[in-house]
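A.B. asks: Provide a 3D model corresponding to the input given below.
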Amino acid sequence: MKSLFPFLCFAFAVITLTAQPIHLQCEHLTNPLGIDIDSPRLTWMLNDDRQGAKQTAFQVIVGTDSANVANGQGDMWDAGTFDSDRILIAYAGKKLNPFTRYYWKVNSRDKENKQSSSIVNFFETGMMGMNNWQGAWIDDGRDIRYKPAPYFRKEFSVKKEVKSARAYIAVGGLYELYINGAKIGDHRLDPMYTRFDRRTLYVTYDVTDQVEKGDNAIGVILGNGWYNHQSTAVWDFDRAPWRNRPAFCMDLRITYTDGTTETIGTGTDWKTSSGPIIFNSIYTAEHYDARLEQKGWNTPAFDDSRWLGARYRAVPSQNVFSQQMQPIRNVEAFPAKTITKISDSIYIFDFGQNMSGVTGIRVSGEEGAVLKLKHAERLDGNGRLDVSNIDVYHRPVDNTDPFQTDIVTLSGKGEDEFMPKFNYKGFRYVEVVSSKPVHLDINSITAYFMHSDVPPLGKIHTSSDLVNKLWKATNAAYLSNLMGLPTDCPQREKNGWTGDGHFAIETALYNFDGITVYEKWLADHRDEQQPNGVLPDIIPTGGWGYGTDNGLDWTSTIAIIPWNIYLFYGDSKLLADCYENIKRYVNYVDRNSPDGLSSWGRGDWVPVKSQSNKELTSSIYFYVDTKILAEAANLFDNQEDYTYYSALAEKIKNAVNTKFLNRETGIYANGSQTELSVPLQWKVVPEDLIPKVAQNLADKVKEAGFHLDVGVLGAKAILNALSENGYAETAYKVAAQDTYPSWGWWIVNGATTLLENWDLQAPRDISDNHMMFGEIGGWFYKGLGGIFPDASQPGFKHIILRPNFVEGLNEFEAQFQSPYGQIISKWEHKKEDVIYNITIPANSTATLYLPDNIKGDKVLELKAGKHTLMLKKENYQ
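C.D. replies: Residues are numbered from 1 along each chain as shown. Have a look, this model is predicted:
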């Protein structure tokens with residue numbers, strides 16, 4: 001080891017001898033099908049863990065022949081050699097054709113000017129326009145009140161050798177697709193929920209292996225989803241302007257080995273019937289009558305003479321677009337931890353984990369026996385299920401649609417199997433009540449944790465069991481609330497609350513690769529935005545949410561999320577797509593707030609006790625949005641907008657400080673934890689007063705015994721406001737607090753997800769799986785690991801490292817897979833020393849800012865590679 005600084009040394013590891021581009025993605029997906037845009041984004045990273053590793057040049061080659069591309073020849077695009085370390089480029093070759101597979105690879109040069117090549121990847125185009133659909137939109141001719149789910153089938157014959165086959169299916173509602181009796185794909189709840197009358201999604205499948213020479217059959221089941229909301233609740237989705245009976249359009253496009261193609265499309269020659277799914281609601285549950293099963297309904301040999309002809313339907317929207325995002329799946333199976341037999345007909349299952357998802361049951365019993373499977377987060381005092389904390393917004397018109405209760409009628413013909421196809425719930429416990437005695441054991445029911453299957457990017461591990469459990473619970477809550485869009489809770493509402501979405505955005509992006517989900521959700525924002533710029537506070541919405549409180553502290557998603565995607569991925573497309581929407585939003589507030597102040601919003605929702613000034617917090621979010629707009633204008637070289645909105649942001653900041661800041665005392669408004677932390681978090685405090693305001697916040701927290709006294713806005717801000725302004729020790733004491741009110745209080749009381757209320761005995765706002773207090777999961781990476789993106793070199797091209805080696809935590813490690821590769825910030829206390837291990841990925845650099853209690857140089861510039869620092873503490877006792 002070579003000593004470079006006093007009390008500091010580095011240890012280098014050299015493993016990789018040659019660099020190679022890896023992790024090739026198109027539109028942030030690996031080998032995607034159904035690409036529908038002319039200039040898809042292509043990204044990669046450099047696999048090179050040598051010290052100072054970097055890419056000095058690259059070349060992208062795209063073509064229709066994989067062998068030619070592998071040999072460096074592309075008939076669609078040879079980008080030429082760029083002397084650049086970029087790892088993202090938009091396709092700019094010949095016009096892409098629909099239904100075509102394109103192969104691509106990256107050649108790169110490393111720091112020694114040696115060239116290496118990636119493996120060949122592909123992307124495949126889809127419809128590339130509405131005019132390429134051949135099938136028609138069809139349904140079963142029933143109205144919106146008809147409860148049984150429609151089943152459809154179509155037989156066809158294949159007489160030639162099949163080279164490839166693709167299924168393209170667009171649906172108003174939900175679906176499951178089958179070919180020759182086999183379910184196609186492992187997705188759940190497809191297509192994703194949108195504003196159906198403005199944008200409809202289709203999904204593409206490779207079904208080459210399922211299409212056989214000879215007789216074939218296609219089967220489709222449609223579910224209601226959010227398209228035909230038959231359950232009634234306060235959100236009025238039963239009156240949504242798009243509501244209609246589920247319908248679909250499908251093209252099965254077969255390419256034969258002789259070069260010809262054939263398309264089997266939907267039309268009135270398809271047959272339809274009902275089946276065993278006699279009711280389905282995305283909101284409440286699914287009802288299934290096993291006596292109505294039609295065995296083999298989706299196979300060629302089935303007799304469909306009693307089935308009826310399908311009917312034509314109008315297309316739900318004029319924008320049918322490919323679904324390009326991580327799908328929802330049954331990601332993890334949970335066996336029951338315990339089973340309690342109350343009687344021969346009542347059983348309680350505990351799965352030990354609160355989650356979103358479904359349960360599958362295998363059971364035998366008398367024909368006509370009815371089993372009710374109630375799902376809940378809590379048990380009552382008698383050990384039975386209690387849904388009173390989550391059914392409060394359900395407004396059933398009768399007793400046929402009980403909340404979170406699947407109803408299964410047995411066939412009496414051996415073992416019946418049931419798992420809902422078109423519903424999910426939030427639960428830990430299941431209570432089975434049968435109309436007749438039935439035998440169940442601990443293996444009879446399995447729970448499936450269902451969510452958008454976003455790849456994990458981050459990991460936190462510490463010497464504190466409480467911190468480890470908090471990180472795990474935060475991620476469980478986040479995933480439970482990721483269903484093609486971020487939601488508030490997986491049971492009571494399932495709504496895309498905007499505030500919950502942006503409060504948790506950093507936690508989301510440090511832990512999971514969620515860009516495709518957020519790009520979809522921000523498209524929903526653009527679909528929902530009113531011409532004057534106003535957004536509802538749940539998105540999508542059937543109309544609810546355009547009230548008086550859908551303001552800045554919630555609907556700032558339109559600016560905050562695109563900006564964070566840019567920071568974390570170095571990809572400006574979402575910010576560009578939303579630029580005019582952000583501008584309309586800011587302009588609306590500006591027109592209605594000529595003095596720069598606004599009280600439009602919901603305020604510091606669900607505080608412990610202190611109320612905070614809504615005009616202060618809403619005005620700060622007005623500043624945040626305007627500042628982001630100005631930065632985006634500068635990024636996109638719109639100097640006129642940059643000048644205007646920079647001045648407006650400064651005006652708002654000055655108005656906030658003039659009205660709410662007492663410069664003598666360093667107190668904002670009444671000095672609540674939220675009122676002090678929000679200005680610090682969002683950098684509204686004048687530079688010369690930051691120390692005074694931060695000290696006031698730290699003193700306020702200390703007075704509360706290092707407990708929280710905040711709602712959602714304060715929970716987003718308080719830890720950052722402390723740790724980024726000299727009070728990391730205080731922030732950690734708050735984060736690791738385990739008595740009421742605190743995050744840890746939930747954990748020591750058995751929570752496996754985050755809750756909606758600090759008070760476990762609160763009478764309302766008491767979901768046990770909520771993400772609105774979820775900032776703590778991101779703070780671990782920032783406040784302890786010190787890992788920050790740099791807006792001037794986003795996507796962690798340049799990393800800001802500001803670790804805090806807090807007392808009371810002996811060991812800490814944060815791992816984060818950035819677009820450039822893995823970043824590791826790991827430290828350990830050893831008496832007067834801190835051993836700090838850092839990994840900087842290839843093609844990146846970092847600036848390390850050491851805390852004041854460390855001797856020696858405080859700012860260090862780091863190249864890519866592994867570094868070990870032996871640090872000495874100041875004033876060690």
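
A.B. asks: C-alpha only now, for contacts and for neighbours.
C.D. replies: Noted.

A.B. asks: And the helices in the stretch 651-800 of the chain?
C.D. replies: 673-681, 690-703, 712-723, 728-735, 743-748, 776-779 (DSSP state H, counting those that start in this stretch).

A.B. asks: buried set for the longest one?
C.D. replies: Read that as helix 690-703. Buried residues in helix 690-703, defined by neighbour count with 16 or more other CA atoms under 10 Å: Ile690, Lys692, Val693, Ala694, Gln695, Asn696, Leu697, Ala698, Lys700, Val701.

A.B. asks: so which of these comes closest to Leu470?
C.D. replies: Val701 (20.3 Å; CA to CA).

A.B. asks: thought the closest one was touching Gln673?
C.D. replies: Yes. Look at Val701 against Gln673 with CA atoms under 8 Å: they come within range, at 7.2 Å.

A.B. asks: any common contacting residues for the two?
C.D. replies: Shared contacts of Val701 and Gln673, defined by CA atoms under 8 Å, 6 or more residues apart in numbering, are found at Leu708.

A.B. asks: picking that back up, tabulate the buried residues of helix 690-703 (a markdown table), appending distance to Ile346 and pLDDT.
C.D. replies: Output for the buried residues of helix 690-703, formatted as a markdown table (distance: CA to CA, whole Å; pLDDT from 0 to 100):
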| residue | distance to Ile346 | pLDDT |
| --- | --- | --- |
| Ile690 | 61 | 98 |
| Lys692 | 61 | 98 |
| Val693 | 58 | 98 |
| Ala694 | 56 | 98 |
| Gln695 | 57 | 98 |
| Asn696 | 56 | 98 |
| Leu697 | 53 | 98 |
| Ala698 | 53 | 98 |
| Lys700 | 51 | 98 |
| Val701 | 49 | 98 |
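
A.B. asks: so can I have JSON lines of those showing distance to Arg153?
C.D. replies: Shown next, in JSON lines, are the buried residues of helix 690-703 (distance: CA to CA, whole Å):
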{"residue": "Ile690", "distance to Arg153": "67"}
{"residue": "Lys692", "distance to Arg153": "71"}
{"residue": "Val693", "distance to Arg153": "67"}
{"residue": "Ala694", "distance to Arg153": "66"}
{"residue": "Gln695", "distance to Arg153": "69"}
{"residue": "Asn696", "distance to Arg153": "69"}
{"residue": "Leu697", "distance to Arg153": "65"}
{"residue": "Ala698", "distance to Arg153": "66"}
{"residue": "Lys700", "distance to Arg153": "66"}
{"residue": "Val701", "distance to Arg153": "64"}
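
A.B. asks: ok, back up a step: I'd like to know which of the helices of the stretch 651-800 of the chain is closest to Lys213.
C.D. replies: Ranking those by their distance to Lys213 (criterion: CA to CA) puts helix 776-779 first, at 52.5 Å.

A.B. asks: mind checking how far the strand ranked longest in the chain is from the chain centre?
C.D. replies: Longest strand in the chain by number of residues (criterion: DSSP state E): strand 346-363. Mean C-alpha position of strand 346-363 versus that of the full chain (CA atoms, centre = their mean, to the nearest Å) differs by 24 Å.

A.B. asks: Then stretch 271-281?
C.D. replies: Distance, centroid of stretch 271-281 to centroid of chain: 31 Å (CA atoms, centre = their mean).

A.B. asks: same deal with stretch 592-601?
C.D. replies: On CA atoms, centre = their mean, the centre of stretch 592-601 falls 31 Å from that of its chain.

A.B. asks: Mind listing what's buried along it?
C.D. replies: In terms of neighbour count (16+ other CA under 10 Å), stretch 592-601 has its buried residues at Ser593, Gly596, Leu597, Ser598, Ser599, Trp600, Gly601.

A.B. asks: what about it, start to end distance?
C.D. replies: Taking CA to CA, to the nearest Å as the measure, stretch 592-601 stretches 13 Å from start to finish.

A.B. asks: returning to that earlier point: could the helices of the stretch 651-800 of the chain go into TSV alongside distance to Val207?
C.D. replies: Listed next are the helices of the stretch 651-800 of the chain as TSV, based on distance: least, CA to CA, whole Å:
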stretch	distance to Val207
helix 673-681	50
helix 690-703	59
helix 712-723	46
helix 728-735	50
helix 743-748	46
helix 776-779	40
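
A.B. asks: which stretch among those helices comes nearest Tyr178?
C.D. replies: helix 776-779 (39.8 Å).

A.B. asks: Which residues in the closest one does the neighbour count mark as buried?
C.D. replies: Of the residues in helix 776-779, those buried (16+ other CA under 10 Å) are Ile776, Gly777, Gly778, Trp779.

A.B. asks: Quick check: of the residues you listed, which lies closest to Ile565?
C.D. replies: Nearest to Ile565 among the buried residues of helix 776-779, with distances taken as CA to CA, is Gly778, at 14.3 Å.

A.B. asks: got the contact list for Pro690?
C.D. replies: If you look again at residue 690, you'll see it is Ile, not Pro. Residues counted as contacts of Ile690 (CA under 8 Å, 6+ apart) are Leu680, Asn725.

A.B. asks: From Asp465, how far out is it?
C.D. replies: 34 Å.

A.B. asks: and Phe622, that one's in a strand?
C.D. replies: No. Assessed with DSSP: H, G, I helix; E, B strand; the rest coil, Phe622 is helix; it does not lie in a strand.

A.B. asks: What about it, how many residues nearby?
C.D. replies: By the criterion of other CA atoms under 10 Å, Phe622 has 29 neighbours.

A.B. asks: what do you get for Arg145?
C.D. replies: Residues lying near Arg145 (other CA under 10 Å) number 11.

A.B. asks: Pull the number of nearby residues for the closest residue to it other than its chain neighbours.
C.D. replies: Once flanking residues are discounted, Arg145 sits nearest to Gln230: 6.9 Å by CA to CA, 6 or more residues apart in numbering. Gln230 has 25 neighbouring residues, counting by other CA under 10 Å.

A.B. asks: What does the pLDDT read for Gln230?
C.D. replies: For Gln230, the model assigns a pLDDT of 98.

A.B. asks: How far does stretch 675-687 stretch from one end to the other?
C.D. replies: 17 Å.

A.B. asks: Also stretch 184-196?
C.D. replies: 24 Å.

A.B. asks: Confirm Leu616 sits in a strand?
C.D. replies: No. Assessed by three-state DSSP, Leu616 does not belong to a strand; its assignment is helix.

A.B. asks: what bridges to the residue nearest to Ser480 when sequence neighbours are not counted?
C.D. replies: Spatial nearest neighbour of Ser480, chain neighbours left out: Ser356 (4.7 Å); criterion: CA to CA, 6+ apart. Ser356 forms beta bridges with Gly426, as assigned by DSSP bridges.

A.B. asks: likewise Gln793?
C.D. replies: According to DSSP bridges, beta-bridge pairing links Gln793 with Asp790.

A.B. asks: Could you report the neighbour count for it?
C.D. replies: When neighbours are counted by other CA under 10 Å, Gln793 comes out with 14.
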